[in-house]
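Novice: From the sequence below, what's the structure:
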Amino acid sequence: MFALVVLLALACLSQEAWSCSCGIRHPQSVYCDSAIVIRAKFVGQKVSEKNNHRIEYQIKATKVFKAPTGYEDIQYLYTAISESLCGYQHTSTNKSKEFIIAGHIVDSDVFINSCSFIAPWASLTYCQKRGFTQVYAKNCDCKVKQCYTVPCELDDDRQCLWTDHLSKQKSAYSGHQAANSACVSNGNSLCIWDSLKSRIYSPVTKSATNKV
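Specialist: Numbers count the residues shown, from 1 in each chain. The predicted structure follows:
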């Protein structure tokens with residue numbers, strides 16, 4: 001279950017911070033807000049020779065979904081050595097297992113932490129995979145706004161209300177919007193939720209709901 005394996009949300013303000021404050025984000029927000037989004041295998045790890053307060057993960061990237069110029073061949077990820085400093089601890093010993101990884105750049109190095117979006121690629125739903133490969137990148141002008149308690153209102157027409165938190169699911173990631181939908185432009189300066197289940201993705205104009 002995607003909901004049981006995903007580790008994500010707001011990245012620590014600094015790798016040297018004393019604690020992490022993590023909040024849940026829709027996968028589309030993760031993609032749009034991250035500097036690096038890749039599919040990769042963890043193939044090795046050691047204490048960094050450049051900084052012994054960091055762990056260096058060696059990876060083999062199989063797909064780069066998002067990266068600045070010059071980062072098309074990512075081979076290493078860095079994290080704080082201690083969990084108390086937001087360090088990410090990779091526990092899987094399967095070097096052939098692919099993970100979706102979202103990271104950020106600090107002093108030209110790619111960093112991950114305990115709040116980073118890191119999950120087995122196989123655990124994502126079909127729609128989430130389609131989102132990362134085809135849809136999210138085209139709709140970063142649309143913003144997902146979380147709704148924790150009613151009433152909820154949108155601030156402008158370029159937002160979609162994420163109401164999975166209001167359901168009785170164990171996690172917001174068990175909800176329909178996180179698992180199956182993306183916030184997309186309808187072509188008329190309005191962003192709407194649209195299902196990613198169709199064989200050929202094509203946003204459909206729908207009426208918008210501005211209040212819950």
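Novice: ok, so what distance separates Gln89 from Gln28?
Specialist: To Gln28, Gln89 is 26 Å away according to C-beta to C-beta, to the nearest Å. Bear in mind the C-beta positions are built from the backbone N, C-alpha and C, glycine included.
Novice: if you count what's nearby, which of those two comes out ahead?
Specialist: Neighbours were tallied for Gln89 and for Gln28 using other C-beta atoms under 10 Å; the higher tally belongs to Gln28 (27 against 12).
Novice: just checking, that one is part of a strand?
Specialist: No: read with DSSP: H, G, I helix; E, B strand; the rest coil, Gln28 is helix and lies in no strand.
Novice: Not including adjacent chain positions, what is the nearest residue to it?
Specialist: With C-beta to C-beta, 6 or more residues apart in numbering as the criterion, Gln28 has its nearest non-adjacent residue at 4.7 Å, and that residue is Tyr136.
Novice: residues contacting the one you found?
Specialist: 27-28, 31-32, 182 (C-beta atoms under 8 Å, 6 or more residues apart in numbering).
Novice: ok, Ile81 to Cys22 distance?
Specialist: 19 Å.
Novice: Please apply the same query to Gln146.
Specialist: 14 Å.
Novice: now Ser181
Specialist: Counting by C-beta to C-beta, the separation of Ser181 from Cys22 is 23 Å.
Novice: With neighbour numbers in mind, choose between those two.
Specialist: With neighbours defined as other C-beta under 10 Å, Ser181 and Cys22 compare such that Ser181 has more, 26 against 16.
Novice: ok so, going back, reformat the contacts of Tyr136 as a markdown table; add distance to Ser48.
Specialist: A markdown table is the format used below for the contacts of Tyr136 (distance: C-beta to C-beta, whole Å):
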| residue | distance to Ser48 |
| --- | --- |
| Pro27 | 29 |
| Gln28 | 32 |
| Tyr31 | 27 |
| Cys32 | 29 |
| Ala182 | 36 |
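Novice: Wait, a helix at Cys32?
Specialist: Yes: in this structure, Cys32 lies within a helix as judged by three-state DSSP.
Novice: Verify the stated contact: it with Cys140.
Specialist: Yes: under the criterion of C-beta atoms under 8 Å, Cys32 makes contact with Cys140 at 3.9 Å.
Novice: which one of those two has more residues nearby?
Specialist: Ranked by neighbour count (other C-beta under 10 Å), Cys32 and Cys140 place Cys32 first, with 20 against 14.
Novice: correct me, but Cys160 touches Ile192?
Specialist: Yes: using C-beta under 8 Å, Cys160 is in contact with Ile192, at 6.6 Å.
Novice: which residues do these two both contact?
Specialist: Cys183.
Novice: who's more crowded, the two?
Specialist: Cys160 (27 against 21).
Novice: neighbours of Ala35, just the number please.
Specialist: Should you count by other C-beta under 10 Å, Ala35 turns out to have 16 residues around it.
Novice: and what of Gly187?
Specialist: Count around Gly187 with other C-beta under 10 Å applied: 8.
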